[in-house]
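**Student:** test case, fold it:
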Amino acid sequence: MTRPARAVPPWLAHALRAQRGPVPWSAVARGALGGGPLLLAAVLAGRPTLGVVAAIGAMFAGINDRPGSRRASVGRVGGPALAGAAGLVVGTYGGDHVPAVLLTLLLTGLGLVAGAVSALGPVGSSVGTQLLVGAAVGAGMPLPEPGWQRALAFLAGAAWLLLLRLALPTPGSLAGGFRFDGERNAVAGVYDAIAGLLDATGSETATARRAALTAALDHAQDALAGPRLRRYASSSAERRLHARYAAALPLAEAATALAWAGDPVPARAAEGPRRLATAVRDSTPTGPLPAPSRTVPALRALDDALLRAAEAFDRGDGGDLHGRSRSRTAALRTVLGARGREYGTRVALCFGVSAALAQALHHTRWYGQHDHWYWLPATAVFLVKPDLGPLASRVLSRAAGTVLGALLFAGLAAVLPRPEGLVALVTVSGALIPVATRHFAAQTAVVTVLVLALVMAGGEPQASAGRIGETLLACALVLVAGHLPMPGQRGGAAIRARLTEAAGAAQAYLDHVLGGSDDRAARWALRREAYRTLAEARAAIALASAELPPLARHADGTDETAATLELLVDTVTAGAVHLDDTGRLDPRHVRRLTELADRLGSRGDVAVRLTPDRDRVVR
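**Tutor:** Numbers count the residues shown, from 1 in each chain. Predicted structure coming up:
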């Protein structure tokens with residue numbers, strides 16, 4: 001009798017999982033041209049330590065150099081780089097002029113601010129990370145240059161890689177407009193996702209396809225929201241992309257309504273969105289679009305949306321971005337809210353304790369002949385950030401990656417010539433970063449090799465063994481701090497805050513539809529926000545569920561709440577399409593909305609109210 005195979009625990013399964021996809025060769029080329037040439041130029045100029053700092057700036061820029069539009073990369077790379085330069089200045093002058101106790105308090109305060117800012121999203125997280133790593137490097141890496149020179153060198157490294165991102169072409173970018181290749185691919189991905197949802201309608205994969213459509217819309221929304229060179233759309237190509245994105249919104253709405261109904265649709269229904277995707281990606285005419293049948297309201301809405309899309313593609317201008325706006329008040333509310341407080345407190349605790357411990361070990365000669373004590377607090381920064389993955393997965397990956405990277409560097413350092421071999425190692429490591437970002441352990445290994453090579457190029461002896469010990473110490477520290485209950489907060493406060501935001505967005509969308517408003521542009525914007533906040537809540541729940549059991553229990557039941565909210569938003573979308581077609585809601589939509597609202601109320605996590613106006617639009 002065979003025993004059933006035991007399931008891998010979620011925290012271990014997450015650590016073993018890696019992202020997949022084609023190799024981003026353009027990013028690999030930028031990484032090779034980033035830190036290595038900067039270090040070589042500084043060595044030839046007799047200022048190797050400035051080259052070290054510039055290469056660190058290029059390294060962080062390479063980590064943030066993710067797929068997307070060129071203009072969006074300005075904020076994604078530039079904002080964190082400015083924060084890292086500020087951290088370098090604060091850390092350098094604090095390390096030079098402030099006593100150890102006050103320096104620890106200063107770094108702890110920075111950790112509180114940086115952790116709270118990380119709650120704003122991926123760019124906020126990168127800003128917080130580089131602020132703290134810059135402060136740790138400035139205080140714990142003695143260099144001959146003053147703080148302002150280090151900051152300028154750091155910014156120069158990041159600016160160099162950003163310039164490469166803006167100037168060098170990517171595969172396929174020369175067809176249809178070099179500047180907007182990332183935007184084109186993002187908008188084309190929306191039409192492909194619509195076609196995929198139509199293909200899956202009536203099957204078990206429809207829910208996953210609808211989630212993929214949400215992700216594609218989020219990506220396109222971010223890509224088109226990058227900074228503009230002028231106040232208004234700067235070219236006909238940009239206006240055309242905005243119009244094509246706007247034309248996809250009613251198509252996405254109709255496809256979602258069809259998926260909600262659950263009845264298979266003719267295969268030709270997906271052909272139109274696919275041809276639109278090809279037209280966007282290749283900047284070619286759409287050609288004739290096959291019209292779907294018009295037997296039900298959602299199919300009639302799909303046909304009408306295809307006609308409007310064809311007009312928008314031919315016209316080539318107009319359209320509204322329906323971008324996601326976050327007011328300063330909303331951002332401040334997030335930073336000071338439950339998520340910001342929880343992130344900030346944990347980051348401040350880990351960063352402050354690790355900095356104090358590193359300084360104490362430094363004074364007891366733990367580091368031997370090394371004067372650099374930045375590694376321990378910098379490692380703690382990456383380990384404690386909740387948005388970088390489950391805690392157990394981060395710790396396992398960081399430990400394994402550091403050991404592998406340190407041992408690999410020790411072997412290479414014994415045979416490579418200096419400084420030529422170290423420059424070559426930095427160049428190769430920079431090229432590997434875009435591929436290594438698919439798994440935290442691989443990224444850690446590559447970054448470890450790169451940083452150890454930079455430190456040695458700056459005049460320090462080989463330090464692999466010490467870095468392994470400090471990494472393991474940081475892992476133990478963050479494991480303890482990550483499981484400590486936060487004073488005045490129940491466990492899982494960040495997840496509940498995400499669900500509350502998602503419920504609020506769903507309520508606003510529901511109220512708009514049941515209120516009978518004819519403003520479709522506002523409806524599509526509210527629909528986008530509802531699905532986007534739900535996707536963010538789902539991601540937070542998935543990460544929390546992959547934690548060790550003491551933390552994972554806080555996510556119990558939250559996935560069901562998020563799924564109910566998604567069903568409610570799907571139902572609102574289907575009802576809105578039916579309302580457009582008939583002027584009244586179908587009773588089955590109202591029954592389903594009532595059922596889902598009651599289910600949410602019985603769970604007690606969040607609540608959604610059906611407005612009295614619903615009776616006015618019920619048939």
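**Student:** is it true that residue 124 touches residue 114?
**Tutor:** No. Using C-beta atoms under 8 Å, residue 124 is not in contact with residue 114, being 9.2 Å away. Where you see a C-beta, it was placed from the backbone N, CA and C, and this is true even at glycine.
**Student:** so these two - more neighbours on which side?
**Tutor:** residue 114 (28 against 23; other C-beta atoms under 10 Å).
**Student:** which residues touch that one?
**Tutor:** Listed by C-beta atoms under 8 Å, 6 or more residues apart in numbering, the contact set of residue 114 reads 127, 128, 129, 131, 132, 344, 347, 351.
**Student:** again with residue 583
**Tutor:** By C-beta under 8 Å, 6+ apart, the contact set of residue 583 is empty.
**Student:** for it, give its distance to residue 249.
**Tutor:** 21 Å (C-beta to C-beta, to the nearest Å).
**Student:** got it, and residue 79?
**Tutor:** In terms of C-beta to C-beta, residue 79 sits 28 Å off from residue 249.
**Student:** compare the two (neighbour count), which wins?
**Tutor:** residue 249 (23 against 16).
**Student:** what is the three-state secondary structure of residue 213?
**Tutor:** Following DSSP: H, G, I helix; E, B strand; the rest coil, we place residue 213 in the helix state.
**Student:** what count of nearby residues applies to it?
**Tutor:** Neighbour tally, residue 213, other C-beta under 10 Å: 26.
**Student:** residue 364 now?
**Tutor:** 8.
**Student:** tell me the pLDDT of it.
**Tutor:** If you check residue 364, the pLDDT there is 70.
**Student:** tell me which element residue 609 falls in.
**Tutor:** Assigned by DSSP states H and E, residue 609 falls within no helix or strand.
**Student:** burial count for the residue lying closest to residue 98 once chain neighbours are set aside?
**Tutor:** Spatial nearest neighbour of residue 98, chain neighbours left out: residue 106 (6.4 Å); criterion: C-beta to C-beta, 6 or more residues apart in numbering. Counted with other C-beta under 10 Å, residues neighbouring residue 106 total 19.
**Student:** pretty sure residue 106 contacts residue 93?
**Tutor:** No. Using C-beta under 8 Å, residue 106 makes no contact with residue 93, being 10.0 Å away.
**Student:** I'd like the next helix or strand past the helix or strand where the residue nearest to residue 98 lies.
**Tutor:** In the assignment (DSSP H and E), residue 106 maps to helix 100-117. Next helix or strand after helix 100-117 toward the C-terminus (DSSP H and E): helix 122-140.
**Student:** avg pLDDT for that following helix?
**Tutor:** Here the average pLDDT along helix 122-140 is 93.
**Student:** verify the stated contact: residue 399 with residue 470.
**Tutor:** No. In this structure residue 399 lies outside contact range of residue 470 using C-beta under 8 Å: 11.3 Å.
**Student:** show me which of those two is the more surrounded one.
**Tutor:** residue 470 (26 against 20).
**Student:** counting contacts, what elements does whichever strand or helix holds that one pack onto?
**Tutor:** Using DSSP H and E, residue 470 maps to helix 464-482. Applying 3 or more C-beta pairs under 8 Å, 6 or more residues apart in numbering; DSSP states H and E, one finds that helix 464-482 contacts helix 338-363, helix 375-384, helix 391-413, helix 440-457.
**Student:** what distance do you get for the most centrally placed residue in the chain to residue 130?
**Tutor:** The residue lying closest to the centre of the chain (C-alpha atoms, centre = their mean) is residue 122, at 4.1 Å. Separation of residue 122 from residue 130 (C-beta to C-beta): 13 Å.
**Student:** and stretch 461-480, what's its mean pLDDT?
**Tutor:** Confidence over stretch 461-480 (mean pLDDT, whole number) is 85.
**Student:** please apply the same query to stretch 314-322.
**Tutor:** 55.
**Student:** give the contact list for the residue nearest to residue 98.
**Tutor:** 90, 94, 98.
**Student:** before we move on, what about residue 299?
**Tutor:** 254, 258, 265, 269, 292, 293 are the contacts of residue 299 under C-beta under 8 Å, 6+ apart.
**Student:** what sits closest to residue 336 if chain neighbours are left out?
**Tutor:** In this structure, residue 336 finds its nearest non-sequential neighbour in residue 116, 7.2 Å apart by C-beta to C-beta, 6+ apart.
**Student:** that neighbour contacts residue 337, correct?
**Tutor:** No. Using C-beta under 8 Å, residue 116 is not in contact with residue 337, being 9.1 Å away.
**Student:** who has more neighbours, those two?
**Tutor:** residue 116 (24 against 18).
**Student:** surely residue 194 meets residue 271?
**Tutor:** No. When contacts are counted by C-beta under 8 Å, residue 194 is not listed as touching residue 271 (11.4 Å).
**Student:** of those two, which one has the most company?
**Tutor:** Using other C-beta under 10 Å as the criterion, residue 194 and residue 271 rank with residue 194 on top: 30 against 17.
**Student:** tell me how far that one lies from residue 575.
**Tutor:** 20 Å.
**Student:** what's the answer for residue 279, then?
**Tutor:** Using C-beta to C-beta, residue 279 is found at 31 Å from residue 575.
**Student:** out of those two, which sits in the busier spot?
**Tutor:** Comparing residue 279 with residue 575 by other C-beta under 10 Å, the one with more neighbours is residue 575, at 25 against 21.
**Student:** so where does that one fall, helix or strand?
**Tutor:** Counting by DSSP H and E, residue 575 is part of helix 558-582.
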